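> Predicted model, plus sequence, below.
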Amino acid sequence: MTNFETVQRYRSTLLGLVLMLTMAPPLAAQNRDPFIVEHAEFELEQDVLMLSLMVDSAMPNYIAIAIDQGFAVPVMFEVEIRSEKSYWFDEKVVSLKQQYLLHHQPMLDSFVVLDVNSSERTYFDNRKAAVHSIEVVYNYPMLDINNLAADKDYYARIRFGIDTDELPLPLKSNSLWDNDWDLQSGWYEWAVERPES
């Protein structure tokens, strides 16, 4: 092998390594949770607790591919209000699951978010905008504050992720999708404050 061929081989190898490093996601991105609840809180409006929520999501590539191929990917957030107990498990006072279906409609060239709870559809030009619409929630009515006893302490918790109970059958098949669909954030907790009388 001539010196010229050796140099060319090293250049090709080096170029391949550079391409692999630039195309691979950063190490921190590979290890981060796909869904993180950044903030959640209640605001009181005429005795009704209104939920606001902010989620940071980094959906794995196989979920984006499934959405782009027209599969309705079920996404949800679960909210619970619990009363604290000193010597036993905390009592669940309220539990709500808000469900969405996120998919692509090629004929309309748009991404659709179906609010399963209200049957309302919203159309978006791109997947990023569709995902963002379910990452940020404002003034979602939860509960009349008068249903909470004045002499108890309450806290709320929420999590966000893929609703595996509603996953379409083809996406559950390990032969087609060798990936983990059981993806949810950890529980985010905060105290529920009653207004002072």
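That came through fine. Only a predicted model underlies this, so the values are computations on that prediction, with no experimental measurement involved.
> Report all helices and strands that the longest strand seen in the chain contacts.
In the chain, with assignment by DSSP state E, the single longest strand is strand 91-105. For strand 91-105, the elements it packs on are helix 61-68, strand 73-83, strand 110-115, helix 127-135, strand 136-144, judged by 3 or more C-beta pairs under 8 Å, 6 or more residues apart in numbering; DSSP states H and E. Bear in mind the C-beta positions are built from the backbone N, C-alpha and C, glycine included.
> can you state the direction angle for it and strand 110-115?
160 degrees (axes from the mean of the first three to the mean of the last three C-alpha atoms, to 10 degrees).
> Identify each buried residue in strand 91-105, please.
For strand 91-105, a neighbour-count test (16 or more other C-beta atoms under 10 Å) marks 93, 94, 98, 99, 100, 101, 102, 103, 104 as buried.
> how about the nearest residue to the residue nearest the centre of the chain, chain neighbours excluded?
The chain has residue 161 as the residue nearest its centroid, 3.9 Å off, counting by C-alpha atoms, centre = their mean. Distances taken as C-beta to C-beta, 6 or more residues apart in numbering put residue 184 closest to residue 161, at 3.0 Å, once the chain neighbours are dropped.
> and the gap between residue 135 and residue 94?
Plainly put, residue 135 is 23 Å away from residue 94 if you go by C-beta to C-beta, to the nearest Å.
> can you check residue 72 too?
28 Å.
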